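A.B. asks: no sequence for this one, just the structure:
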């Protein structure tokens, strides 16, 4: 399976084996996600943390953020909750 993402200007494209994602059926999307999850389980222990850090903010149902930045570092503390 070859996954490709192109971004910029008007050249946005996301394909699975050369087929634009928008043209995939629901079943093809499900098979793609299943294959990605299986690949992650088998090959990517070191990448699981990265994947979770990307998925949780995207899929979270609840988001909270401090109204004031930290006095020491200037960061805002954010909290995401994704219940599955």
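C.D. replies: That came through fine. The shown structure was predicted, so the numbers you read here are calculated from the model rather than taken from an experiment.

A.B. asks: for the residue in the chain sticking out farthest from the centre, give its distance to residue 8.
C.D. replies: Relative to the mean C-alpha coordinate of the chain, counting by CA atoms, centre = their mean, the farthest residue is residue 71 (31.1 Å). Here residue 71 is placed at a distance of 38 Å from residue 8 (CB to CB, to the nearest Å). Any C-beta I mention is one placed from the backbone N, CA and C, and that applies to glycine too.

A.B. asks: and residue 37, by the same measure?
C.D. replies: 28 Å.

A.B. asks: between those two, which one's more packed in?
C.D. replies: residue 37 (11 against 6; other CB atoms under 10 Å).

A.B. asks: next SSE after the helix or strand of the chain with the lowest mean pLDDT?
C.D. replies: Every helix and strand in the chain was compared by mean pLDDT, DSSP states H and E; the lowest is helix 48-59, with a mean of 89. Proceeding C-terminally, helix 48-59 gives way to strand 62-65 as the next helix or strand, assigned by DSSP states H and E.

A.B. asks: and the next helix or strand after that next one, which strands flank it?
C.D. replies: Next along the chain after strand 62-65, taking DSSP H and E as the criterion, comes strand 78-81. Take DSSP bridges as the rule and strand 78-81 pairs in its sheet with strand 62-65 (antiparallel).
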